[in-house]
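S.K.: prediction below, plus the sequence it came from.
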Amino acid sequence: MDGAFYQRHLFVCLNQRENGERACNNSGIAEEVFHAAKQHAKALGIHGEKQVRVNRCGCLGRCDEGPIAVVYPDAVWYTYVDADDIREIVESHLRDGVPVERLRI
């Protein structure tokens, strides 16, 4: 990707709603999963300029589909159960360029 500062971004939704307007996808583990993803990317040596970036973000608008993460520019949306799932996304999709089909939305 010419001109891209990062090859891929993983955005992990950490939004929490307390007003009951809409179900929120934060299952209570989103913060832990975000840190696991970032640490794993760093451990693999793929986190940084011209590589990948793991970011926290607010609501992605898909709250009813479970905990949410998305990889851009690929526009691949994921749900996950735990930190092991997110580490698989980091290895397979961010490092190797292969989306994790079983976790795709």
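M.R.: That came through fine. Numbers count the residues shown, from 1 in each chain.
S.K.: quick one: the closest residue in space to W77 that isn't next to it in sequence from G3, how far?
M.R.: Nearest residue to W77 in three dimensions, chain neighbours excluded: I105, at 4.3 Å (C-beta to C-beta, 6 or more residues apart in numbering). C-betas here are computed from N, CA, C, even on glycine. In this view, I105 and G3 are 29 Å apart by C-beta to C-beta, to the nearest Å.
S.K.: ok, the two, which is more surrounded?
M.R.: I105 (12 against 4; other C-beta atoms under 10 Å).
S.K.: my read: that one touches Y80, true?
M.R.: No - between I105 and Y80 there is no contact under C-beta atoms under 8 Å: 10.4 Å.
S.K.: partner strands of the host helix or strand of A69 and their direction?
M.R.: Counting by DSSP states H and E, the element that carries A69 is strand 68-72. Strand 68-72 pairs in its sheet with strand 8-13 (antiparallel), strand 76-79 (antiparallel), by DSSP bridges.
S.K.: return the distance of the first one from the chain's centre.
M.R.: On the basis of C-alpha atoms, centre = their mean, to the nearest Å, the separation between the geometric centre of strand 8-13 and that of its chain is 4 Å.
S.K.: for the record, mean pLDDT for that strand?
M.R.: The average pLDDT for strand 8-13 rounds to 96.
S.K.: looking at the next helix or strand along the chain from that strand now, give me its mean pLDDT.
M.R.: Following strand 8-13 in sequence order, the next helix or strand is helix 30-43 (DSSP H and E). Here helix 30-43 scores 96 as its mean pLDDT.
S.K.: ok, and what's touching stretch 95-105?
M.R.: Residues outside stretch 95-105 that contact it (C-beta atoms under 8 Å, 6 or more residues apart in numbering) are 41, 44, 46, 52, 62, 65, 68, 71, 74, 76-80, 85, 88-89, 92-93.
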